[in-house]
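1. Build me a model from this:
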Amino acid sequence: MKKFVLSLAVLLACALCLAPATAETTDEMLTQKASAMLTEVYGYTQADADAFTYEISDDGDLWTVRFYQNPEWVYEMTVRKSDRQWQDMQTPFTTLYGLKASENSVRYILNAIADNGWFDNWNAQSRAALGAALAWCDDIRVTDSLERGLASEDYTPAQALEDFFLSCYGEEAEWSSAVSQWRDAAFASFRLTRAETTFSVPQGIACRVETGLIGSDEIQICEYVGVVPDALAEAFSNPNLGSWMCLAGAYETSKPKSDAGSPAGTGLAAFGNGDRRLLVRLYLDADTKVWHTVPVGEAALLSGRDLYITYNSDKRRFTLHYPVSDTEEECFQCKLTEYYTTADTTATVCELVEYRHTDLTANTSLVIDSGTGTAYTGWYTVTATKNGAGTQKQYLALAPSILEYIDADAFPKTEEACARAEAESAVIPQGYGVTQYIHLREKTSSHSKDLGTYVRGTLVEVLDTLPGTAFPWYHVRIGNAEGYMSSNYVEYSDNMKSLPAYIAPCMAQAKGSTALKDQMNVFSQTVTDLPEGALVRVLAVCGNWLHVSVPASADDWLMQPGEVCGYVKANAVVQATTALQLKWLSAQQ
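-> Next up, the predicted model:
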């Protein structure tokens with residue numbers, strides 16, 4: 001299908017070409033350029049453009065044209081005197097983030113609704129026609145709510161118009177005041193009454209079916225509050241949940257349309273026990289078709305707060321919503337991420353994506369995350385927005401990126417708290433580095449003897465740097481083990497407050513009294529005796545042995561210098577992602 005929206009560069013070129021070079025006066029030339037920009041770039045009709053007021057000023061090497069119909073919606077264009085070419089333009093319809101639909105597309109849809117009377121004769125045919133028009137405008141990112149609504153008989157024109165603007169411009173707290181006014185003007189023009197957005201905890205079960213991103217599978221999404229879906233009743237009978245009551249949750253299952261594959265499913269569920277809260281991860285066993293529960297953490301949820309959980313299939317993210325009032329809400333957005341812990345073993349963690357506080361009355365939002373598009377954690381990136389205008393600042397702090405090790409109550413929720421976190425943050429000690437998934441070698445060669453495969457998050461003492469073919473090699477020490485690691489897989493600098501995500505090594509628990517050895521040999525010296533139930537951090541797999549360290553605390557997500565290290569037989573311990581998961585495993589045995 002031919003794309004409806006051309007690139008901005010092409011549209012600008014067209015707009016400028018429409019302004020004749022033989023204009024009798026400078027003012028006429030500039031007015032014609034601005035008028036062409038309105039019709040070719042911003043989607044106005046020529047009659048609309050003729051009704052604009054154009055104000056021209058001489059600014060040294062530039063001419064500036066300000067033009068508007070509504071004095072509160074002012075466009076601005078600058079033109080170079082030297083070659084009479086456009087240099088810059090500004091529109092009043094902006095958002096804090098650049099990802100938004102073009103005005104050309106927005107006006108095309110609004111005009112199509114009016115010209116075809118879709119809202120006046122709102123039925124399955126008009127909803128389908130609106131959906132087709134939206135699909136033609138490929139720069140409009142249709143929200144799940146708008147897509148689902150157009151397939152529902154209960155969906156109203158007012159809901160469609162509201163969701164349309166959210167699809168075009170994102171969250172309202174990030175809009176300029178002009179976008180909000182345009183939305184309100186559109187409601188008035190269609191004689192629709194806008195329902196005010198409010199934050200509240202829904203009740204019951206809401207399920208829907210969506211199409212996968214590649215169109216080859218069907219995704220069923222269920223979101224529930226105050227009730228347990230039948231599909232999860234058996235999973236929630238886990239003895240570890242005996243004293244807990246399910247508060248809310250969301251899960252998704254995907255099934256290939258061809259029936260050639262097995263269904264897969266994931267989810268999150270929140271439980272309460274008085275003021276205590278527990279978050280668990282759900283996964284559907286593709287072979288047995290049975291749901292299972294895995295604890296994420298007893299500190300991963302805000303304590304004593306009502307909440308509900310939603311799922312966005314496009315982003316594959318869960319959002320934990322905490323309404324403060326009808327117009328104010330806090331939420332944590334997270335996703336389930338799988339990563340390799342060993343060559344053939346993976347772990348799934350609940351990765352925190354962002355914290356957001358929204359106040360509709362003040363038209364403000366505050367977003368705290370680890371930085372857009374970065375592979376590193378520890379950066380508290382604070383974006384504060386009011387009426388679509390905002391500021392952004394980064395605070396560097398060494399902090400976990402996964403909810404399993406985050407205390408939701410203690411998470412910094414203001415810019416001041418992020419600044420304190422940066423000031424108080426620990427750093428990786430000088431002379432130490434942190435590994436990615438990497439082999440320890442006997443010599444500075446990838447073909448030399450393998451001394452063990454070390455997991456992400458292993459703290460290594462860097463003794464020396466030696467040359468290598470592609471990258472230098474580090475001579476490292478972990479406990480009594482020494483060898484060489486490629487520098488390409490070790491984070492090492494003078495002031496390390498930023499680390500790759502998912503660096504917390506998995507944990508293990510001694511099945512019985514176990515000797516911690518200084519070498520991979522049952523006859524080697526015993527470093528210490530580990531009692532039954534002792535927790536260790538798994539650093540490496542070395543054949544039938546594990547290289548481990550003894551953490552000071554089960555909640556210590558980051559390996560520390562001075563931890564006692566040694567080797568244990570792999571079959572002498574039980575492994576899991578976190579200490580809490582090990583606790584659950586022990587209770588089930």
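
2. hmm, who's touching stretch 191-210?
-> By C-beta atoms under 8 Å, 6 or more residues apart in numbering, the residues outside stretch 191-210 that reach it are 119, 144, 147-148, 157-159, 161-162, 172, 183-184, 187, 218-227, 229, 248, 306-308, 313, 321, 323-329, 358, 360. C-beta: built from backbone N, CA, C; applies to glycine.

3. Looking at those residues, which are in strands?
-> Applying DSSP state E to those, the entries found in strands are 218-225, 248, 308, 321, 323-325, 328-329, 358.

4. Start and end of stretch 171-181, how far apart?
-> Terminal residues of stretch 171-181 are spaced 15 Å apart (C-alpha to C-alpha, to the nearest Å).

5. the helices in the stretch 401-550 of the chain, which residues?
-> Assigned by DSSP state H, counting those that start in this stretch, the stretch 401-550 of the chain shows helices spanning 415-424.

6. Contact partners for Tyr405?
-> Residues near Tyr405 by C-beta under 8 Å, 6+ apart: 297, 504, 555, 557, 578.

7. circling back: the contacts of stretch 191-210, buried ones only, as a PyMOL selection?
-> A single PyMOL command selects the buried members of the contacts of stretch 191-210 (16 or more other C-beta atoms under 10 Å):
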select buried, resi 119+144+147+157+159+161+162+172+183+187+219+220+221+222+223+224+225+229+248+306+307+308+313+321+323+327+328+329+358+360
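
8. Are any of the contacts of Tyr405 buried, and if so which?
-> Buried by 16+ other C-beta under 10 Å: 297, 504, 557, 578, out of the contacts of Tyr405.

9. I figured the second one hits Ile406, correct?
-> Put plainly, it is Ala504. No. Under the criterion of C-beta atoms under 8 Å, Ala504 makes no contact with Ile406, lying 11.0 Å away.

10. What confidence value was assigned to Ile109?
-> The per-residue pLDDT reported for Ile109 equals 96.

11. Would you agree it falls within a helix?
-> Yes. Counting by DSSP: H, G, I helix; E, B strand; the rest coil, Ile109 is found in a helix.

12. Please report how far it lies from Ile140.
-> 7 Å (C-beta to C-beta, to the nearest Å).

13. Show me whatever sits in contact with both of the two.
-> Shared contacts of Ile109 and Ile140, defined by C-beta under 8 Å, 6+ apart, are found at Leu134.

14. In contact with Arg66, which residues?
-> Counting by C-beta under 8 Å, 6+ apart, Arg66 makes contact with 54-55, 57, 74-76.

15. Next, it: phi, psi?
-> Backbone torsions of Arg66, given as degrees, to the nearest 10, read phi -110, psi 130.

16. Checking the closest residue to it other than its chain neighbours next. Helix, strand or coil?
-> Nearest residue to Arg66 in three dimensions, chain neighbours excluded: Glu55, at 4.5 Å (C-beta to C-beta, 6 or more residues apart in numbering). With three-state DSSP as the basis, Glu55 sits in strand.

17. On the pLDDT front, check the residue nearest to Trp122 when sequence neighbours are not counted for me.
-> Closest residue in space to Trp122, ignoring its immediate chain neighbours: Pro157 at 5.3 Å, by C-beta to C-beta, 6+ apart. Looking at Pro157, its pLDDT is 96.

18. just checking, Pro157 touches Phe119?
-> Yes. Using C-beta under 8 Å, Pro157 is in contact with Phe119, at 4.1 Å.

19. Please enumerate the shared neighbours of these two.
-> Common contact partners of Pro157 and Phe119 (C-beta under 8 Å, 6+ apart): 190, 192.

20. Tell me how far the residue nearest the centre of the chain lies from Ala188.
-> The centroid of the chain falls nearest to Val353 when counting by C-alpha atoms, centre = their mean (3.9 Å). When distance is defined by C-beta to C-beta, Val353 is 37 Å away from Ala188.

21. re earlier: how about the residue nearest to the centre of the chain, nearest residue that isn't a chain neighbour?
-> Among residues not flanking Val353 along the chain, Gln333 sits closest, at 4.4 Å (C-beta to C-beta, 6+ apart).

22. Burial check on that neighbour, number of neighbours?
-> A count of nearby residues for Gln333, using other C-beta atoms under 10 Å, gives 20.

23. need the contact list for it.
-> Residues near Gln333 by C-beta under 8 Å, 6+ apart: 317-320, 352-356.

24. Can you lay out these as a markdown table showing distance to Tyr44?
-> Output for the contacts of Gln333, formatted as a markdown table (distance: C-beta to C-beta, whole Å):
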| residue | distance to Tyr44 |
| --- | --- |
| Arg317 | 37 |
| Phe318 | 41 |
| Thr319 | 37 |
| Leu320 | 42 |
| Leu352 | 43 |
| Val353 | 38 |
| Glu354 | 36 |
| Tyr355 | 40 |
| Arg356 | 34 |
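
25. ok, so of those, who is nearest Gly433?
-> Each of these was scored against Gly433 by C-beta to C-beta, and Leu352 proved nearest at 24.4 Å.

26. Confirm the closest one sits in a helix?
-> No. Going by three-state DSSP, the assignment for Leu352 is strand, not a helix.

27. Okay, it and Gly457: tell me how far apart.
-> Distance, Leu352 to Gly457, by C-beta to C-beta: 17 Å.

28. More neighbours: those two, which one.
-> Comparing Leu352 with Gly457 by other C-beta under 10 Å, the one with more neighbours is Leu352, at 27 against 23.

29. Mind listing the residues bridging to that one?
-> Leu352 has the following beta-bridge partners by DSSP bridges: Cys334.

30. which one among the contacts of Gln333 gets closest to Ala419?
-> Tyr355 (15.4 Å).

31. Now the residue lying closest to that closest one once chain neighbours are set aside: which helix or strand?
-> Nearest non-adjacent residue to Tyr355, counting by C-beta to C-beta, 6+ apart: Ile368, 4.6 Å away. If you go by DSSP states H and E, Ile368 is part of strand 364-369.

32. which outside residues touch that strand?
-> With contact meaning C-beta under 8 Å, 6+ apart, strand 364-369 is reached by 171, 173-174, 353-359, 380-386, 412-415, 418.

33. again, only using 6 Å
-> For strand 364-369, the surrounding residues in contact (C-beta atoms under 6 Å, 6 or more residues apart in numbering) are 173, 354-358, 380-386.

34. Same question for stretch 47-57.
-> 27, 30-31, 34-35, 38-39, 64-69.

35. Can you say which of those residues are buried?
-> In terms of neighbour count (16+ other C-beta under 10 Å), the buried residues within the contacts of stretch 47-57 are 30-31, 34-35, 38-39, 64-65, 67.

36. returning to what we had before: test my guess that the residue nearest to Trp122 contacts Asp120.
-> No. Counting by C-beta atoms under 6 Å, Pro157 stays clear of Asp120, with 8.6 Å between them.

37. follow-up on the earlier one: out of the contacts of Arg66, give me the one that has the most neighbours.
-> Comparing the contacts of Arg66 on neighbour count, Tyr75 comes out first with 22 neighbours (neighbours: other C-beta under 10 Å).

38. From what I see, that residue and Gln69 are in contact.
-> No. Using C-beta under 6 Å, Tyr75 is not in contact with Gln69; the gap is 9.7 Å.

39. what stretches of the protein score poorly on pLDDT?
-> The chain contains residues with pLDDT under 70 at 1-24, 96-99, 211-217, 256-263, 340-345, 372-377, 388, 501-502, 588-589.

40. Understood, closing this out.
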